[in-house]
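> got a sequence here, can you build the structure:
(chains A and B)
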Amino acid sequence: MFKILEPNKIFQITSKAPKYVLFLFIIVLTVGLSEALIFSPEDYKQSDAVRIMYVHVPAAWISLSIFSSITLLSICGYIFKNKNFFLMAKSLAPSGFIFNIIALVTGAIWGKPTWGTWWAWDARITSMLILALFYGMYLLAWRIYEDRDQVFKISTLITVFGIINVPIVKFSVDWWNTLHQPASINILTKNAIHSSMLLPLIIMTAAFALFSLLIFLMKYNTELIKIKNKGLDRL
Amino acid sequence: MYGRKVKLRLAFILLVLTALILTIFLILKSLEENVVYFQSPSEISELTELDGKKIRVGGMVKKDSISLTSDQLKFIISDFKNEIIVTYSGVVPNLFEEEKGVVAEGYLKDRNVLSATKILAKHDENYMPPEVKEALEEK
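From the prediction side, this is the model:
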């Protein structure tokens, strides 16, 4: 099982793919930014402040989905005792953490002119902060614990605790009164966002996803090189 | 297909997750009053006692209710069932408007009057260009 995850085969991909991903990322980001900053219309109510949303929302989405992926990978690694999953999870974490911080900071910048405050302890914002703390714990665990088996267990434990927070982030705006507005994009009902604003949002999400993929490939490549150099650390 | 240990570990993770979800659910359920960022005028009207603590009230700014005197702003927050009068002196955010969402933080004078120390505008989930808004209003 997991024959496809042979380090040598993956290494061939991870050492070559980044330059293509980088190329694609630059194109998609250029299109996304020009759509978001120049071609998309301003909002009827908040005018140009809406443009912050094209960074804020994709960053929040990506950080949530990366945390979910980390959890899934860690649990799989734990159940099947496969180190490779842990290394993938480790390589994904930094970009997820950075996007989480970006979401919090851009949210504060948007909040000041629209709500009238940088920060509010409402359920959405607080749960997003808690997610950042879990990311921090996860990244620190990898730095603190030298022993492989120990770090695998502890990082898995952190993700299992942290994953409970992910649906809370998502549904906090529906479950409780929050200052943060509810989701504008709904799969089942009509979107509350106009299509001319939805397009740059989707392109920017693709750009951020490509960026995460790029960082992931580079980090993962480093992990594989480390294993190769050690020689004895077989997967 | 999989070894016994694999199944045991899967069962262990599922048990841990279930236990955690239930625990967090119970905690949040019991803390509901503190998790909400603001209360509606209806919830305020159902309060049994006023304890003089700082609270937040949220709802819509009632149409034609904003009145401005030299040192005070006065308006009504409504949730379409109950209303609460808010007095405030200070700067309001740009998005503070009639028939839009608002959160007022302050102290209750009585069940119907809030003396606010801070006003926050609540943005809704609707995003659209001005032309589309105009077209919608014409309909």
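
> torsion angles phi and psi at A:Leu210?
Main-chain dihedrals, A:Leu210, degrees, to the nearest 10: phi -60, psi -40.

> A:His180 too?
phi -70, psi 140.

> excluding chain neighbours, what is closest to it?
A:Arg124 (3.9 Å; Cβ to Cβ, 6 or more residues apart in numbering or on different chains). No exception for glycine: its C-beta is placed from N, CA and C like everyone else's.

> from A:Ser47, how far out is the one you found?
With distances taken as Cβ to Cβ, to the nearest Å, A:Arg124 is found 23 Å from A:Ser47.

> next one: A:Pro113
Applying Cβ to Cβ, the value for A:Pro113 to A:Ser47 is 10 Å.

> which one of these two has more residues nearby?
Ranked by neighbour count (other Cβ atoms under 10 Å in any protein chain shown), A:Pro113 and A:Ser47 place A:Pro113 first, with 16 against 13.

> what strand or helix carries the more buried one?
Remark: A:Pro113 resides in helix A:83-114, with elements defined by DSSP states H and E.

> which stretches in the chain count as helices?
You didn't say which chain, so I picked chain A. A:7-34, A:53-80, A:83-114, A:123-144, A:148-163, A:165-175, A:195-230 (DSSP state H).

> meant chain B actually
Secondary structure of chain B (DSSP H): helices located at B:4-30, B:32-35, B:41-45, B:130-138.

> hmm, the third one touching chain A?
If I follow you right, that is helix B:41-45. No - residues of helix B:41-45 are not located near chain A by Cβ under 8 Å from any Cβ of the partner chain, the shortest gap being 9.2 Å.

> check what pLDDT residue 16 gets.
Using chain A here. Note for A:Lys16: predicted pLDDT of 87.

> actually chain B
92.

> can you check A:Glu6 too?
Listed pLDDT for A:Glu6 reads 69.

> can you tell me the centre-most residue of chain B?
With distances taken as Cα atoms, centre = their mean, B:Phe38 lies nearest the centre of chain B, 4.0 Å away.

> tell me where the model's unsure across chain B.
For chain B, the stretches with pLDDT under 70 are B:1, B:139.

> okay, now the domains of it?
Domain assignment for chain B by automatic domain parsing gives B:4-33, B:37-122.

> reformat those domains as a markdown table; add distance to A:Asn8.
Below are the domains of chain B laid out as a markdown table (distance: least, Cβ to Cβ, whole Å):
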| stretch | distance to A:Asn8 |
| --- | --- |
| domain B:4-33 | 25 |
| domain B:37-122 | 53 |
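
> so the residue nearest to the centre of chain B makes contact with B:Ile44?
No - between B:Phe38 and B:Ile44 there is no contact under Cβ atoms under 8 Å: 10.0 Å.

> what touches both of these two?
Taking Cβ atoms under 8 Å, 6 or more residues apart in numbering or on different chains as the contact rule, B:Phe38 and B:Ile44 both touch B:Val57.

> up against chain B, what does chain A have?
Residues of chain A found near chain B (Cβ under 8 Å from any Cβ) are A:41-46, A:50, A:53, A:75, A:78-81, A:113-117, A:120-123, A:160-161, A:163-164, A:168, A:176-179, A:181-184, A:192-194, A:196-197.

> switch to 7 Å and redo it
Contact residues, chain A versus chain B (Cβ under 7 Å from any Cβ of the partner chain): A:41-46, A:50, A:75, A:78-80, A:113-117, A:120, A:122-123, A:160-161, A:164, A:176-179, A:181-184, A:192-194, A:196-197.

> filter the residues you listed down to the buried ones, PyMOL style.
To isolate in PyMOL the members of the residues of chain A next to chain B that are buried, counting by 16 or more other Cβ atoms under 10 Å in any protein chain shown, one can use:
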select buried, chain A and resi 41+43+44+45+46+50+75+78+79+80+113+114+115+116+117+120+122+123+160+161+164+176+177+178+179+181+183+184+192+193+194+196+197
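
> contacts only, for the one residue sitting closest to the centre of chain A.
By Cα atoms, centre = their mean, chain A has its centre lying nearest to A:Ser63, at 2.4 Å. By Cβ atoms under 7 Å, 6 or more residues apart in numbering or on different chains, the contact set of A:Ser63 is A:Gly96, A:Phe99, A:Asn100, A:Ala103, A:Leu131.

> go again with 8 Å.
A:Gly96, A:Phe97, A:Phe99, A:Asn100, A:Ala103, A:Leu131, A:Tyr135.

> one more: A:Trp121?
A:Trp121 sits next to B:Tyr37 when contact means Cβ under 8 Å, 6+ apart.

> what about it, distance to B:Asn34?
With distances taken as Cβ to Cβ, A:Trp121 is found 10 Å from B:Asn34.

> next: A:Asn177.
Counting by Cβ to Cβ, the gap from A:Asn177 to B:Asn34 is 12 Å.

> re the thing from before, give the burial count for the residue nearest to A:His180, as a bare number.
For A:Arg124, the tally of surrounding residues (other Cβ under 10 Å) stands at 23.

> surely it meets A:Val173?
Yes - using Cβ under 8 Å, A:Arg124 is in contact with A:Val173, at 5.4 Å.

> quick check: neighbours shared by the two?
A:His180.

> is it true that B:Leu28 touches B:Asn34?
No - in this structure B:Leu28 lies outside contact range of B:Asn34 using Cβ under 8 Å: 9.8 Å.

> which of the two has more neighbours?
A direct count of neighbours by other Cβ under 10 Å for B:Leu28 and B:Asn34 places B:Leu28 higher, at 16 against 10.

> residue contacts, residue 56?
All of this refers to chain A. A:Ile102, A:Ala103, A:Thr106, A:Gly107, A:Trp110.

> looking at chain B here, not the other one
By Cβ under 8 Å, 6+ apart, the contact list for B:Arg56 reads B:Tyr37, B:Phe38, B:Gln39, B:Val103, B:Ala104, B:Glu105.

> thanks a lot, catch you later.
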